[in-house]
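*Asks:* Sequence and predicted structure are below.
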Amino acid sequence: MHRVFLIALFCAIWVCSSVTAQTSILYEAEVRTEAKAGLEALYDLRFEEAEAHFQKITQHYADHPIGPFLEALTLWWTILLDLTDKSHDEAFYAAMGEVIDRSEARLAIDEHDFDAMFFKGIALGFRGRLRSNRRDWIRAAADGKRAMDYVLAVAAADSTNDDFVLGRGLYRYYAALIPERYPLIRPITLFLPPGDREGGLAELRRTATEGYYMQTEAIYFLLQIHYLYEGNFQECVRLVRWLRENYPRNAFFHTLEGRIYARWYQWQAVETVFSEVLERYKAQAVGYTPAMGEQALYFLARAGIALGDERTALANLLSLEALTARLDEDTYFKVVGRLYQGIAYDLLGERENAIARYESVLAMKRWGSSHSSARRYLAKPYPAVE
């Protein structure tokens, strides 16, 4: 999730609701069996198997919000596997809209309907995550706030459920973290309950250890936190290995493992992981989309430069450019790939080619420090002093 969406989650109103735990579809034996089996297949990208399990639930509970939610999960993973492809966005938004509509119809009858609150909250959360990925900040923030209203109410209604505390754990962690990272919004925190960084992590670990439906999501969120904020390499490795061992076909988790090694400059491990990713992409394995191929080529090039193999690195960067040529927009890997072409040419002593690449980066969309780095290396060949 992007920072603006996280701030939106933090700024959510703390709901003091009279909702009480009640009989829920989530406790029904058939739902527990089929949903769990479907989720396990889904995370391993066995989509047809997942949908077969989910359809048994949707056929039995035709008007319940769980139907369109489960049906949209394969769509969600299709989007996640290649965020450069926006062709599925409208269908996903429509599905989440249907979940919200069905939930609101139930809330109109009973404003404390447990399932309605749960599924409305989770649908808003998923919609906000996609809007955040699309840099639709204002609507992502609105969805984030509304989602947490319901997520916190559900956690308060049934504190014994190991799944339901996931959302509250996220709130508590970010409620403590964000005022430290973004001091401009600190005055807002005076009107909200204080966060608890360690308490939030504890609740996330509870779901990651004991959760039934949400265990994998909790492990993924914990991994994000340790990757982005806690800087805990060993914990990242432990968590990503759990994901890889349990879902070996999942290309998203596969590339995530490689990115963790790159984050901590473990270049030999980066080469091992992304060589496997590239092989699976070339073999057209399920889930290994062109976006996965881009990541593999980019990080293999980074590893090559770090390990002194600039020629191989340049070959991978040129393959990356050919792969990203299918895209009309200047995506992250298209831009930084061009920047690293300049770096590779500088290291090879081909200064004119390097200059041409750096100048072309300045004509492209700015991603992070891409423009400032290009200007620095135009003034002085790489490795210029950072």
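*Replies:* Happy to help now that I have it.

*Asks:* Okay, now the unreliable bits of the stretch 101-250 of the chain?
*Replies:* Counting by pLDDT under 70, the low-confidence segments of the stretch 101-250 of the chain come to 182-193.

*Asks:* domains of the chain?
*Replies:* 3-158, 249-379 (automatic domain parsing).

*Asks:* Next, format the ones you listed as CSV and append distance to Tyr229 and mean neighbour count.
*Replies:* C-beta: built from backbone N, CA, C; applies to glycine. Shown next, in CSV, are those (distance: least, CB to CB, whole Å; neighbours: other CB atoms under 10 Å):
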stretch, distance to Tyr229, mean neighbour count
domain 3-158, 10, 18
domain 249-379, 12, 19
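
*Asks:* In CSV: the ones you listed, plus distance to Glu198.
*Replies:* Compiled in CSV, those are given as follows (distance: least, CB to CB, whole Å):
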stretch, distance to Glu198
domain 3-158, 17
domain 249-379, 23
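
*Asks:* Worst mean pLDDT among these?
*Replies:* The minimum mean pLDDT among the domains of the chain belongs to domain 3-158 (a mean of 87).

*Asks:* how far does that one sit from the chain's center?
*Replies:* 15 Å (CA atoms, centre = their mean, to the nearest Å).

*Asks:* And stretch 355-371, by the same measure?
*Replies:* On CA atoms, centre = their mean, the centre of stretch 355-371 falls 26 Å from that of its chain.

*Asks:* Just the CA trace of stretch 281-294, in CSV.
*Replies:* Below are the C-alpha coordinates for stretch 281-294, written out as CSV (Å, rounded to 0.1, in the frame of the first residue of the first chain):
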residue,chain,number,x,y,z
TYR,A,281,8.7,-16.2,-17.5
LYS,A,282,10.3,-17.5,-20.6
ALA,A,283,8.5,-20.8,-20.1
GLN,A,284,5.2,-18.9,-19.8
ALA,A,285,4.5,-20.4,-16.4
VAL,A,286,1.2,-19.3,-14.8
GLY,A,287,1.5,-15.9,-13.2
TYR,A,288,4.9,-15.1,-14.7
THR,A,289,3.7,-12.1,-16.6
PRO,A,290,5.8,-9.6,-18.6
ALA,A,291,5.9,-7.5,-15.4
MET,A,292,7.6,-10.4,-13.6
GLY,A,293,10.0,-10.6,-16.6
GLU,A,294,10.8,-6.9,-16.2
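
*Asks:* Give me the residues contacting that stretch.
*Replies:* Stretch 281-294 has contacts (CB atoms under 8 Å, 6 or more residues apart in numbering) with 45, 47, 81-85, 249-252, 254-255, 277-278, 280, 296, 320, 323-324, 326, 333, 337.

*Asks:* Sitting in helices, which of these do you find?
*Replies:* Among those, DSSP state H puts 47, 251-252, 254-255, 277-278, 280, 296, 320, 323-324, 333, 337 in helices.

*Asks:* out of the domains of the chain, nearest to Ala218?
*Replies:* Set against Ala218 and scored by CB to CB, the domains of the chain come closest in domain 3-158, at 12.7 Å.

*Asks:* quick one: which of the domains of the chain is nearest Tyr213?
*Replies:* The nearest among those, by CB to CB, is domain 3-158 at 6.5 Å.

*Asks:* so what does the helix or strand harbouring Ala141 touch, helix or strand wise?
*Replies:* Element membership for Ala141 (DSSP states H and E) is helix 137-157. Contacting helix 137-157 under the criterion 3 or more CB pairs under 8 Å, 6 or more residues apart in numbering; DSSP states H and E are the following elements: helix 3-10, helix 114-133, helix 165-181.
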